[in-house]
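> compute the structure for the input listed below.
(2 chains)
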Amino acid sequence: MTTPTVDAPVSSRSEYEFGFHDDVEALVKLPKGLSREVVNTISDIKDEPEWMRKLRLKALDHFNARPMPEWGGELGDIDFNDIHYYVRATDRDESSWEDVPDYIRDTYDKLGIPEAEKQGLLAGVGAQYDSEVVYHNIREDLEEKGVLFLGTDQALSEYPDLVREYFTTVIPPNDNKFAALNTAVWSGGSFIYVPPGVNVDIPLQAYFRINSEDMGQFERTLIIADEGSQVHYVEGCTAPIYSSDSLHSAVVEIICKRGSNVRYTTIQNWSNNVYNLVTKRATAYQDAVMTWVDGNLGSKLTMKYPAVYLMEPGAHGEVLSIASAGQGQQLDAGAKIVHAAPNTTSVITSKSLSMDGGRSTYRGLLKVYDGADGCRSNVRCDALMLDEHSRSDTYPVMEIDEKRVDIGHEATVSKVGDEQLFYLMARGLSEGEATKMIVNGFVEPIIKSLPLEYAVEMNRLIELQMDGAIG
Amino acid sequence: MTQATIDASVDSDIKPDLLRAQVTELSQANREPDWLLAFRLASLEHALALDWWTGQEESWRRTPPNRLPRRAILDHLPAAANGAQPASNGVKPTAPQHVFAPLNHAGLVHQYGGQLVASDLSDAAAQCGVIFQPLSDAAREHPQLVQRWLGAVGPPLDRYEAFGRALWSQGAFVYAPPGAVLNDSLFYLITQNAAAGDQWHYALVVADRESQVALIDAGDANDRRADLKRAPLIHANVEIIAEDGAHLQFATVQRWHRQSAAISSTRGRVGRDATLRITAAAFGADVDKQRIDLDLSQSGGHGEIRGLFVGDGRQHIEHVTRQYHNGVGATSDLLIRGVLTDDSQAVQYGLIRITPKGQQTNAHQTMRNLLLDDGAGADPIPMLEIEADDVKCSHAAAVGPVDPDQLFYLQARGIPPHIAERMVVRGFLAEIADGIPDQHMRDVVDELVEIQLHPQQTTHQRNGATA
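Okay, here's the model as predicted:
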């Protein structure tokens, strides 16, 4: 077989350690470009039910009809005809790590995926390589309790009725241009169903990897937490560094039924040539708790605003967001909370860092419908600027149509304080070390909500980025 | 959220040649100098080259499109003919009593339906060389000053502002020479002739170096109860220049006819170590959309924007603000407080923009909305765009009912609920009203707040009626 090669570093993020790629001929690689034919071919390869094919084609029409968004980042450089919409490296979704093709396994070994599983830190692992899920495994005891954790394609063939019942119910195909694109060409992603009352006590994890050049990855994740259940899902993303840009446009739909508790954690560390345009949305019913933990470090441009729709009384939504933008990066991240029922509560906490000419943006929506009385919401966004070349923006939108509510928003933008630096340097730390320590303290409220190993990883990634920026 | 798109065919109704002829006629009837006619015509061309808002733009998508008459430009034509009569044509018409008529003042200009009905300048003001007169008179008598400053705040920010520079039929010019200090305020009173249709105002306010001056711009309507066949547009461009070291206070208060659509653009340029405070209080109109823009491009400048409003019925009150920091060490502060009753709606779309040149900026914004009735709503949107690292910047926004703890505290001392609520609301607004430079004016504003709050209604009735 082939051996993985490591590319020479391209950007200032010379520390980007996942920049290697595997030189390998894909089993199936559709020609570049988007058409009904491509969509039909993807559907044929997957041998899907007819309703899914129709849905894909309808979504393609929506995609073609909709104009490009004119806000957020510069999207004009994306050439939709210069992208491979489907690339398959292997023909099986394995449940034994030894059966995964060597070169793919090597990739994930480098990323440390099986280690975590071996050590029993994870309840289940999924891995997606280009368009297809290559590996899925779940602890036996959970499987016995009826927890489903598998690739969305596999779920569609094994549990078609369950998928059909929930698919596109949270994010309709015509929600936005990129959700339409995803619905038309989606492939891979995770499907999770947790039966009533089942508590998945340690995280399920998925790892997404783009390997091919000019590739579009369009995974589709659907999580259904039945009444009183509990689950934590973690996803990580990396890609090699190529000279041309890749597109990642995922859709994640989550349904939190009564009394359930779902936490979705993302550590996004795409290389700096990936457009990351993702729609993530959850609906939370009575007394359910939905939490998005969203860490954005990589990508050229990210536009991602995880949303929680609070549908019934007592539901709680929370978004914890970190964005750290370095050279050549624009991270347009944020959160949306919609209070559609009385006595619902929400918290948004956002911390963003801008360094080395990077631009980080908080863009948020807080909506309270008329009749949703007794809602409480608190939005807090802080930004730290590490140098004078960078940029920080805050666009919080609040739409409040109900009077019996308690809504507050606060934001600050500042630089690393001279007194703080002086204090630490007087104790013998170098300026670089002192700055890192202050940044660690700044993001701490969010880091501490991550599982331990991710907290360590996140801090390490921010430090790596700062090494490039402040020397 | 309203996402209606606008009929694009409206523009085809605009007849450029007719407008050009109309503007020329207007300018000549006012006996304006040639350069002013040229300024109007250039502004008209600028306006014609721009597009109307479509309702899709971020700063327009929350504005109810059907209640802002975009066709108003066309209906302007008869109104222009009315306003075209020169102010000095002999007999002055008498205006109805103006709600904001001052007790003490350093100067006064009162216009009614486009005509000057009263003007006055105190000896003290005259001795310091202060100029305060209708804009077209000033253009004739002080051409070098007016020409130097007219439009000096920069190109128009939108099509309304551009049309306003071309079509204005009434306006005022204020000039305080270097070092001039006035203790009392200048009053620019406008009485809207509700039946006469659209009005276009243009005010130019210049405080030269080290001067200290306060201007109160107050709008009232002649017959607030008249049932108008069509909603009149009230447009105002206000350009404010605070030169180096000047201290300038500008307060605008309006109680237009309740069917009016009020659109204004108030732009302030703050010089080195100068201070400019803009206070805006809104009571009248059906839709009031105010753009307030502070340009802080000189070091040490300080700008403030203070907004106060009380909405009732179906009123829509919108502030679009910008604190533009393009110079070192300038400071600015925005504070908007509003009270919304019935089905009224408020939008605050505020931006702090700091360019890479704006190091050592200190800029803040706070928006607070009290909702007193179930139908009321508010969309505060405080935005930051920051490209300099050595800055202190913050914003805060809040929406909610009257604090129940405060009500309880007052009621525990024997104060009936409806009075307790009014006390809390007046206290809430007082911080803004205190920024108005004239005591009598503050009293009038306080009174208008009371009237607008429906004092005959108690909290219980209000809650009971809507529960």
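
> which residue lies nearest the spatial centre of chain A?
Note on chain A: the residue nearest the mean C-alpha position is A:Thr266, at 4.8 Å, using C-alpha atoms, centre = their mean.

> I'd assumed A:Gly295 was in contact with that residue.
Yes: if you go by C-beta atoms under 8 Å, A:Thr266 and A:Gly295 touch, sitting 6.3 Å apart. The way it works is simple: take the backbone N, C-alpha and C, and place the C-beta from them, glycine included.

> still on that earlier bit, is the residue nearest to the centre of chain A bridged to anything, and to what?
A:Glu235, A:Asp294 (DSSP bridges).

> got a list of what it touches?
A:Thr266 makes contact with A:Val234, A:Glu235, A:Gly236, A:Cys237, A:Trp292, A:Val293, A:Asp294, A:Gly295, A:Asn296 under the criterion C-beta atoms under 8 Å, 6 or more residues apart in numbering or on different chains.

> of the residues you listed, grab the buried ones for PyMOL.
Only the buried entries of the contacts of A:Thr266 go into this PyMOL selection, using 16 or more other C-beta atoms under 10 Å in any protein chain shown:
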select buried, chain A and resi 234+235+236+237+292+293+294+295+296
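
> the contacts of A:Thr266 into TSV, with extra columns for pLDDT?
Formatted as TSV, the contacts of A:Thr266 follow (pLDDT from 0 to 100):
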residue	pLDDT
A:Val234	88
A:Glu235	87
A:Gly236	81
A:Cys237	74
A:Trp292	96
A:Val293	93
A:Asp294	92
A:Gly295	90
A:Asn296	91
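
> pick out the residue of the stretch 101-250 of chain B closest to chain A.
Nearest residue of the stretch 101-250 of chain B to chain A (C-beta to the nearest C-beta) works out as B:Asp158 at 17.3 Å.

> okay, now that residue: neighbour count?
The criterion is other C-beta atoms under 10 Å in any protein chain shown. On that basis, B:Asp158 has 20 neighbouring residues.

> same thing with B:Phe283?
Neighbours around B:Phe283, by other C-beta under 10 Å: 25.

> do the one 3 residues further on as well
Residue neighbour count, defined by other C-beta under 10 Å, stands at 20 for B:Asp286.

> near chain A, which residues of chain B show up?
Within reach of chain A by C-beta under 8 Å from any C-beta of the partner chain, chain B has these residues: B:1, B:58, B:356, B:359, B:369, B:371-401.

> flag the shaky bits of the chain, pLDDT-wise.
All of this refers to chain A. For chain A, residues meeting the criterion pLDDT under 70 lie at A:1-17, A:24-25, A:90-93, A:97, A:107-108, A:110-123, A:240-243, A:468-471.

> sorry, I should have been clearer: chain B.
Chain B contains residues with pLDDT under 70 at B:1-13, B:69-93, B:454-467.

> B:Gln406 should be in a helix, yeah?
Yes: counting by DSSP: H, G, I helix; E, B strand; the rest coil, B:Gln406 is found in a helix.

> helix, strand, or coil at A:Ile462?
With three-state DSSP as the criterion, A:Ile462 reads helix.

> quick one: contacts for the closest residue to it other than its chain neighbours?
Closest residue to A:Ile462 apart from its sequence neighbours, by C-beta to C-beta, 6 or more residues apart in numbering or on different chains: A:Ser324 at 5.4 Å. A:Ser324 is in contact with A:Asn296, A:Leu297, A:Leu331, A:Ser352, A:Leu353, A:Met355, A:Gly358, A:Ser360, A:Leu461, A:Ile462, A:Gln465, counting by C-beta under 8 Å, 6+ apart.

> switch the cut-off to 7 Å
Listed by C-beta atoms under 7 Å, 6 or more residues apart in numbering or on different chains, the contact partners of A:Ser324 are A:Leu297, A:Leu353, A:Ile462, A:Gln465.

> redo the residues you listed as TSV? Include neighbour count and secondary structure.
Shown next, in TSV, are the contacts of A:Ser324 (neighbours: other C-beta atoms under 10 Å in any protein chain shown; DSSP: H, G, I helix; E, B strand; the rest coil):
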residue	neighbour count	secondary structure
A:Leu297	25	coil
A:Leu353	27	strand
A:Ile462	23	helix
A:Gln465	28	helix
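
> tabulate these (a markdown table), appending distance to B:Arg20.
Below are the contacts of A:Ser324 laid out as a markdown table (distance: C-beta to C-beta, whole Å):
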| residue | distance to B:Arg20 |
| --- | --- |
| A:Leu297 | 57 |
| A:Leu353 | 54 |
| A:Ile462 | 61 |
| A:Gln465 | 58 |
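
> chain B: which of those is nearest?
Out of the contacts of A:Ser324, the member with the shortest distance to chain B (by C-beta to the nearest C-beta) is A:Leu353, at 11.5 Å.

> just checking, that closest one touches A:Met385?
No: the pair A:Leu353 and A:Met385 fails to qualify as a contact (C-beta atoms under 7 Å) at a distance of 8.2 Å.

> sorry, back to before: and the residues of chain B next to chain A, which are buried?
Among the residues of chain B next to chain A, those classed as buried by 16+ other C-beta under 10 Å are B:359, B:369, B:371-389, B:391, B:393-401.

> helix, strand or coil for B:Gly375?
Three-state call for B:Gly375 (three-state DSSP): coil.

> what's the closest non-adjacent residue to it?
Leaving aside its chain neighbours, B:Gly375 sits nearest to B:Asp343 (3.6 Å; criterion: C-beta to C-beta, 6+ apart).

> which element is the residue of the stretch 1-150 of chain A at minimum distance from chain B on?
Nearest to chain B in the stretch 1-150 of chain A, going by C-beta to the nearest C-beta, is A:Trp71, at a distance of 7.2 Å. In the assignment (DSSP states H and E), A:Trp71 maps to no helix and no strand.

> chain B: helices as residue ranges?
Remark: helices assigned in chain B by DSSP state H are B:16-29, B:34-49, B:72-83, B:123-127, B:135-141, B:143-149, B:159-167, B:404-412, B:417-433, B:439-452, B:459-466.

> swap that for the stretch 351-471 of chain A, sorry
A:418-425, A:431-447, A:452-470 (DSSP state H, counting those that start in this stretch).

> I'd like to know which elements the last one is packed against.
Packed against helix A:452-470 by the contact rule (3 or more C-beta pairs under 7 Å, 6 or more residues apart in numbering or on different chains; DSSP states H and E) you find strand A:261-268, helix A:431-447.

> now it, how far from the chain's geometric center?
18 Å (C-alpha atoms, centre = their mean, to the nearest Å).

> related to what we said a few turns ago, return the helix or strand hosting the residue nearest to A:Ile462 as CSV; C-alpha atoms alone will do.
Per DSSP H and E, A:Ser324 falls inside strand A:316-325. Output for strand A:316-325, consisting of C-alpha atoms alone and laid out as CSV, is shown next (Å, rounded to 0.1, in the frame of the first residue of the first chain):
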residue,chain,number,x,y,z
HIS,A,316,-32.5,25.1,29.2
GLY,A,317,-30.0,25.9,26.4
GLU,A,318,-26.4,26.7,26.8
VAL,A,319,-23.6,27.6,24.4
LEU,A,320,-20.0,27.8,25.4
SER,A,321,-17.8,29.1,22.6
ILE,A,322,-14.1,29.7,22.1
ALA,A,323,-12.6,31.1,19.0
SER,A,324,-9.0,31.7,18.5
ALA,A,325,-8.1,33.3,15.1
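
> who does that strand pair up with?
strand A:289-296 (parallel), strand A:345-354 (parallel).

> and the closest residue to B:Gly301 other than its chain neighbours, what does it touch?
In space, B:Gly301 comes closest to B:Val270 once its chain neighbours are excluded; the distance is 3.8 Å by C-beta to C-beta, 6+ apart. Contact partners of B:Val270, counting by C-beta under 7 Å, 6+ apart, are B:Ala242, B:Leu276, B:Leu294, B:Asp295, B:Leu296, B:Gln298, B:Gly301, B:Gly303.

> just send the helices of the stretch 351-471 of chain A back as JSON lines, with distance to B:Gly113 too.
Listed next are the helices of the stretch 351-471 of chain A as JSON lines, based on distance: least, C-beta to C-beta, whole Å:
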{"stretch": "helix A:418-425", "distance to B:Gly113": "59"}
{"stretch": "helix A:431-447", "distance to B:Gly113": "59"}
{"stretch": "helix A:452-470", "distance to B:Gly113": "63"}
